[in-house]
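Asker: sequence and predicted model, in that order:
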Amino acid sequence: MTDYNLIIKEKMEDTDFDGKTIPYKRETHFDFLKDIMAMANADIDTDRYIVIGIDTHPGQTRLIGIDKQEFKDPADYQELLRENIEPDIDLRYFHHDCDGKTYGIFEISNCNNPPYMMKKDYPRKVQIDSNNKKPDLLVKGDAWIRKGSHNTRMIRNDFEQIYEKKLKKSGFRGELKLFFSDTDSDILHLSTVDEMILPSKRDYELISKIITEKKRQKGNKSESINQFFITIRFLFERFTSPHSGKYRSKDLNGLEKIRDEIKENFSEDDYFELFGLRANRINITIENLGNEYLEDASIKFIIPQIEGIAISDHESHRSKRENRLILPNPFNYYIKQLSDFPNVIYYHNKIEIPVHIGDIEHRIPKKVFPEPLRIVLNKSMVGKTIEIDCIIYGKNLREPQYKKLKIQAYL
């Protein structure tokens, strides 16, 4: 609760306080508008006071009070402000008794929408002599500000400071939480991948074996005698081992060409084996802990590019060989689900994953990736910690927020 006795008896003239000897009258409404406007524009975050009944000549302060009959209807002052100053100023005017005397108090509050300025011209009602430097007219667009114990006309720098301060206050002020979806923590433990035989290596060895057998059969003088048994074996493998059977149907030249191009032809299959079947699938959740939306949000994840880490690129999961496989591909259904993968960008020393999220409602957790991120860690990463730098942007976020996530690898 405000201690008005303390304000009257102890306050000195300053940015938030001014003392006046007599009440504002019709002939001094010019000064009233200028004083209230200057107080409202002052660069402070507290309430401001003008107390009527205090003589504040330099070096002395006299508490003289006012006659209660001089107390004017507060509505008159409020109407005068509304007619001449914009935007509206929150003003209270009331009388207060202190030590047997009555004082009029103007209390100016909630000055959170500066600059306050004249909405129309307002002339001084009583002419002053030419030696007095006080202005005779408050011009439409005029703005005054209180600095210390003086009122001064606002200049460009004053306006810039006001708008800079408003911009800081108008931005998103809440806190954002970022965590791994599976653990509700900023630390995640991931398993590593041991040695494995990729499809390209498996088929390379299989084709090489078949080529060796065919060459041996070709050099065998009894080839014509064994042809019947070779055909029977081929037909048998078409049912019992279709993967091997599809190669045995090729001639030597066809097999050698397939083997020479196997790395190129099987790159998609190798990638899917690694990331589609063996990779860790992770997602990250963002939660807005504030009381307003974070608008048009996006996040950039930055992961160090070191040996032992591989992250799937969504383009690499769209198998170009899907339509020309001889046998049905059991992974076709799953491959079609991988069209919404995160955009992974590899650089020389880092991996970046930019994600656009859109508006983030307050207090409603939201997953960052529409499809989980696929990460493969080599066994060499066991016992190591990978730090992920996260930069959060937003339309109403004046400065990006920086977070850090950690992945720890285990066997």
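Answerer: Sure thing, it's come through.

Asker: can we go C-alpha only for contacts and neighbour counts from here?
Answerer: Noted.

Asker: report the next helix or strand after the worst-scoring helix or strand of the chain on mean pLDDT in sequence order.
Answerer: Counting by mean pLDDT, DSSP states H and E, the chain has its least confident helix or strand at helix 332-336, which shows a mean of 43. Proceeding N to C from helix 332-336, the next assigned helix or strand is strand 345-346, under DSSP states H and E.

Asker: how far out from the middle of the chain is that following strand?
Answerer: 22 Å (C-alpha atoms, centre = their mean, to the nearest Å).

Asker: now do the buried residues in the longest helix seen in the chain.
Answerer: Criterion DSSP state H: the longest helix present in the chain is helix 199-219. Neighbour counts over helix 199-219 (16 or more other C-alpha atoms under 10 Å) mark 199-200, 203-204, 206-207, 210-211, 217 as buried.

Asker: let me have these in a markdown table, extended by pLDDT.
Answerer: Formatted as a markdown table, the buried residues of helix 199-219 follow (pLDDT from 0 to 100):
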| residue | pLDDT |
| --- | --- |
| Pro199 | 67 |
| Ser200 | 74 |
| Asp203 | 76 |
| Tyr204 | 75 |
| Leu206 | 77 |
| Ile207 | 79 |
| Ile210 | 79 |
| Ile211 | 81 |
| Gln217 | 73 |
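
Asker: for stretch 396-411, C-alpha coordinates in PDB please.
Answerer: Provided in PDB are the C-alpha atoms of stretch 396-411 (Å, rounded to 0.1, in the frame of the first residue of the first chain):
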ATOM      1  CA  ASN A 396       8.400 -12.600 -31.400                       C
ATOM      2  CA  LEU A 397      11.700 -13.800 -29.900                       C
ATOM      3  CA  ARG A 398      14.000 -10.800 -29.800                       C
ATOM      4  CA  GLU A 399      17.100 -12.800 -29.200                       C
ATOM      5  CA  PRO A 400      17.600 -16.600 -30.100                       C
ATOM      6  CA  GLN A 401      17.500 -18.900 -27.100                       C
ATOM      7  CA  TYR A 402      20.400 -21.300 -26.800                       C
ATOM      8  CA  LYS A 403      20.100 -24.800 -25.400                       C
ATOM      9  CA  LYS A 404      22.300 -27.900 -25.200                       C
ATOM     10  CA  LEU A 405      21.400 -31.600 -25.400                       C
ATOM     11  CA  LYS A 406      23.800 -34.500 -24.800                       C
ATOM     12  CA  ILE A 407      24.000 -38.000 -26.200                       C
ATOM     13  CA  GLN A 408      26.000 -40.600 -24.300                       C
ATOM     14  CA  ALA A 409      27.000 -43.800 -26.200                       C
ATOM     15  CA  TYR A 410      27.100 -47.300 -24.600                       C
ATOM     16  CA  LEU A 411      27.900 -50.800 -25.900                       C
END
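
Asker: got the contact list for it?
Answerer: 168, 170-173, 176, 178-179, 186-192, 294-295, 377, 379, 381-394 (C-alpha atoms under 8 Å, 6 or more residues apart in numbering).

Asker: stretch 147-164 now?
Answerer: 13-15, 17-18, 35, 38, 42-43, 114-115, 142-146.

Asker: return that stretch as PDB; C-alpha atoms alone will do.
Answerer: Provided in PDB are the C-alpha atoms of stretch 147-164 (Å, rounded to 0.1, in the frame of the first residue of the first chain):
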ATOM      1  CA  LYS A 147      14.300  14.100 -16.600                       C
ATOM      2  CA  GLY A 148      15.300  14.600 -13.000                       C
ATOM      3  CA  SER A 149      13.400  17.700 -11.800                       C
ATOM      4  CA  HIS A 150      12.900  19.300 -15.200                       C
ATOM      5  CA  ASN A 151      10.500  18.900 -18.100                       C
ATOM      6  CA  THR A 152      12.000  19.100 -21.600                       C
ATOM      7  CA  ARG A 153      10.700  18.700 -25.100                       C
ATOM      8  CA  MET A 154      11.400  15.200 -26.500                       C
ATOM      9  CA  ILE A 155      14.100  14.800 -29.200                       C
ATOM     10  CA  ARG A 156      14.900  12.000 -31.500                       C
ATOM     11  CA  ASN A 157      17.100  10.100 -29.000                       C
ATOM     12  CA  ASP A 158      14.200  10.100 -26.500                       C
ATOM     13  CA  PHE A 159      11.900   8.500 -29.000                       C
ATOM     14  CA  GLU A 160      14.500   5.900 -30.000                       C
ATOM     15  CA  GLN A 161      15.000   4.900 -26.400                       C
ATOM     16  CA  ILE A 162      11.300   4.500 -25.900                       C
ATOM     17  CA  TYR A 163      10.800   2.400 -28.900                       C
ATOM     18  CA  GLU A 164      13.900   0.300 -28.100                       C
END
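
Asker: thank you, goodbye.
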